[in-house]
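sequence plus predicted model, see below.
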Amino acid sequence: MSGVPYSSSESLPSLQTIPWAVSATHTNLNQSITSSAALTTSNGTAVTYITNSLNSEHNIVLPKPGSTAHFVSPQQPIFTFTQQTRVFMIIPTTTNTVPLVNAGWIFSPQVGGPARRLPALGMDDAFTGVISGLGADYLYERFYDAGTHNLDPTGLAPEAFFLFEEVIDFDILAELRARQMHWFENGLLPNDGGNYAVGGLAGTQPTDPKLHVEGKLRASGSLEAGKNTDQVCHLGRGRIGHFDVTNANTGVTSSSVSFSHHDCDAATNFALVQTEDGETIVNSAAGKHMEFMVGGVAYMRVGYTDSNGASTGYIGINQAAPAEYLDVGGNIKASGNVIATNIKNYYQTVNSANSTVGDNGGTTHSTNAGCPSPAGDWTQYNSWKTTGVDTVNSNTNVFSPKTYGFEALVAGTYKITINMAFQTSAANQLIVIRLAKNGLNDDVQNATQENPGPLAGTGFMNSFANSGTINSFGSAALTHIMTLGANDNISVYTTNVSQIHSGTGNNSFTREGYSQFLAEYLG
């Protein structure tokens, strides 16, 4: 037969295998990689690798299968690789690392070991790691094909140590996957659910939240979290979130932003809420008050809590325990009118019987007032009732009842109204009344003081023909607004400016309950 003979001894050409090797013309290439080898820098400084840091932080073991040499280069490091090679560049000095990234070097961050908090012991703010005895180091890696390469053509890292590894099975992708798996196990790359943990322990990557950082988190730009959505964020013990706010007038519910303590997560105990249209609400939980401070000192309290733990809704200014809906511990000044529709600060009483109101008088009239000028010619009227059904005191903190009138317990403005009814059994009697602040003083011509106060008289009462039973009545009334200080006394004095029938006994009277004394506190 003709044809191509078949021979079982015939075989395919064998592949020529080129062993992996690294060569260079530079010195120090022969320094062997061991855990105790001294590394010599360009200035003669000898340092050593911290092998546990290389292992735990970067998954590099010294010596490692396939590793041959490292190199210290103060110049441009040119190497020849016979096969694809992974190159680690360890920089033990302060170096601008941004150009290295731009040149294609990949930063290998620290991922585990005793210093896995970012930043913390073993890791600074620039994400450098402790690898050698010189302190903080940067570690980068890059893959090179077979051939001659200048690893740092522009001299970006003049004090770099270079570590070489053989690419197993010439599978660069497999090598990258293996390295990514190591990073993931130590908490730097996402797990299958797409969740990240930075600084967490190996194997404890969270499923929620998506990113978990143990340590500080810094951002030089803006930070957005759930922007313009109904989300809840926690900062320390603070809770920033939302509560639905419904307008009581329109019934429309709007979105809002709220701030509260972590433990106050209900729509009844938040601290501050603002709606999308700018409505702002300040709130305290039930049974709790709200304080406004300056320099740590409380000057206003809203929602005073009583002894039973209930909020009264009272507002106190300079009052820690307000007793009214508005309680001010001091003066109040208003540029406009102060209008109150329900004034409750008043004191009113009536009189007991008195038969000595017209038995005193005098002829010394130095003020041309038609009345005696000396205080001794007047009689203090001491027959006002201080208790009983005819006496009303709306505020015992303001008025202290007295038989002569009242004592003011609070400084301010008072309105005094006096109505007195008199009866006489003698002819031509004329009784005059006047107010006095504190004890009555002598009357002085054209004086500007309020003591003695205003006058009022009955006019002549004629009872001569009727023995004091018919046509013997007279009345005197006056109203006066006075400025009083605390503990000032207001009283009424009487005198007779007509005929005093001496020797005939009492002849002018006030009958019980017919006269009235009214005092109002205006503030």
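Looks like it came in fine.

surely Thr417 and Ile490 touch.
No. With contact defined as CB atoms under 8 Å, Thr417 does not reach Ile490; the gap is 11.4 Å. (C-beta placed from N, C-alpha, C; glycine too.)

ok, those two, which is more surrounded?
Set Thr417 next to Ile490 and count neighbours by other CB atoms under 10 Å: Ile490 wins out with 24 against 14.

next, the contact list for that one, please.
By CB atoms under 8 Å, 6 or more residues apart in numbering, the contact list for Ile490 reads Gly405, Phe406, Glu407, Ala408, Tyr414, Ile416, Leu435, Ala436, Lys437, Met482, Leu484, Ala519.

give me the common contacts of Thr417 and Ile490.
Among the neighbours of Thr417, those also in contact with Ile490 (CB under 8 Å, 6+ apart) are Ala519.

so what's Gly474 closest to, chain neighbours aside?
Thr458 (3.1 Å; CB to CB, 6 or more residues apart in numbering).

wait, the one you found sits on Ala476?
Yes. Between Thr458 and Ala476 there is a contact at 5.1 Å, judged by CB under 8 Å.

mutual contacts of those two, please.
With CB under 8 Å, 6+ apart, Thr458 and Ala476 have common neighbours Phe422, Ile431, Val432.

the last one in helix, strand or coil?
What DSSP: H, G, I helix; E, B strand; the rest coil gives for Val432 is strand.

isn't it right up against Asp377?
No. With contact defined as CB under 8 Å, Val432 does not count as touching Asp377 (10.5 Å).

now do the shared contacts for these two.
Counting by CB under 8 Å, 6+ apart, the residues touching both Val432 and Asp377 are Thr495.

about what we covered before: what's the closest of the shared contacts of Thr458 and Ala476 to Arg511?
Proximity of the shared contacts of Thr458 and Ala476 to Arg511 (CB to CB) peaks at Phe422, which lies at 8.8 Å.

helices of the protein, start to end?
51-58, 98-102, 172-185 (DSSP state H).

now do the second one, average pLDDT.
Summarised as a single mean, pLDDT over helix 98-102 is 79.

what comes up buried for it?
Using 16 or more other CB atoms under 10 Å as the test for burial, helix 98-102 gives Leu100.

can you list contacts of it?
Met89, Phe107, Tyr140, Thr154, Leu156, Ala157.

state the distance from the third one to Leu163.
In this structure, Tyr140 and Leu163 are separated by 11 Å, where distance is defined by CB to CB, to the nearest Å.

check the fourth one too.
Between Thr154 and Leu163 the computed distance is 21 Å (CB to CB).

what about the two, which has more around it?
Leu163 (22 against 10).

so the more buried one bridges to which residues?
Here Leu163 shows beta-bridge partners His70, Phe88, assigned using DSSP bridges.

was I right to think it contacts Phe88?
Yes. At 4.0 Å, Leu163 counts as touching Phe88 under the criterion of CB under 8 Å.

give me the pLDDT for Trp183.
Looking at Trp183, the pLDDT reads 40.

from Val297, how far off is the closest residue to Asn150 other than its chain neighbours?
Residue nearest to Asn150 in three dimensions, not counting chain neighbours: Ile78, with 4.9 Å by CB to CB, 6+ apart. Ile78 sits 74 Å away from Val297, going by CB to CB.

okay but Ala285 is in contact with Ala267, surely?
No. Contact criterion CB under 8 Å: Ala285 and Ala267 do not qualify, at 11.0 Å.
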